[in-house]
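Enquirer: pasting the sequence and the predicted model now:
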Amino acid sequence: MSLKDCYTKFGGNYSAIVERMSGERLVIKFIFRFLDDKSFEDLGKFLEQKNYTEAFRAVHTLKGICQNLNFDRLNQSVMVLTEELRNGSYSEQVPAMYEKVKEDYEITRNAILEFQKEIEGNN
């Protein structure tokens, strides 16, 4: 799997990120760092605790990461949830929005893990 294939698999904008980072080397470095980011984990924890202020902070951080790395599909669902939580309160739409973020996050994470495994296998 190439980096381009990875981006295609999770609905990212490969050409935009490679152009902005002047090649694949930095892109690879940062998408692997994404695997260690705790924003998604924090989002789930804070939603479960009904701490919507902190949930907003976590999802807003995740949104920034998605925008910076051109994770377009995940960014779309994250943006919707970010706006819903912006006022620091709960609506009955939040659980469905979170499930969509969770689904898109897993697709993105799994594609990156698959890409990482292939790269490490070729070295």
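Expert: Cool, the structure landed.

Enquirer: where is the longest helix in the protein?
Expert: helix 94-121 (DSSP state H).

Enquirer: ok, and for it, which residues are buried?
Expert: 94, 97-98, 100-101, 104-105, 107-108, 111-112, 115-116 (16 or more other CB atoms under 10 Å). Bear in mind the C-beta positions are built from the backbone N, C-alpha and C, glycine included.

Enquirer: looking at those, which is nearest residue 60?
Expert: Using CB to CB, residue 101 comes nearest to residue 60 of those, at 12.4 Å.

Enquirer: chain center to stretch 34-50: distance?
Expert: Taking the mean of its C-alpha atoms, stretch 34-50 sits 11 Å from the chain's own mean (CA atoms, centre = their mean, to the nearest Å).

Enquirer: and for that stretch, what's in contact with it?
Expert: 52, 54-55, 58-59, 61-62, 65, 69, 71, 90, 94, 98, 101-102, 105, 108-109, 112-113, 116 (CB atoms under 8 Å, 6 or more residues apart in numbering).

Enquirer: same deal with stretch 95-103?
Expert: Stretch 95-103 is contacted from outside by 40, 43, 44, 47, 59, 62, 74, 77, 78, 80, 81, 84, using CB under 8 Å, 6+ apart.

Enquirer: circling back to that earlier point, just the mean pLDDT for the longest helix of the chain, thanks.
Expert: Mean pLDDT, helix 94-121: 96.

Enquirer: stretch 30-43 too?
Expert: Stretch 30-43 comes out at a mean pLDDT of 98.

Enquirer: same check, this time on stretch 50-67
Expert: Averaging pLDDT along stretch 50-67 yields 96.

Enquirer: list the buried residues in that stretch.
Expert: Buried residues in stretch 50-67, counted by 16+ other CB under 10 Å: 52, 54-63, 65-66.

Enquirer: got CSV for those residues, with secondary structure and distance to residue 26 too?
Expert: As requested, the buried residues of stretch 50-67 are exported to CSV (DSSP: H, G, I helix; E, B strand; the rest coil; distance: CB to CB, whole Å):
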residue, secondary structure, distance to residue 26
52, helix, 35
54, helix, 30
55, helix, 30
56, helix, 29
57, helix, 26
58, helix, 25
59, helix, 25
60, helix, 24
61, helix, 20
62, helix, 20
63, helix, 21
65, helix, 14
66, helix, 17
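
Enquirer: that'll do, ta.
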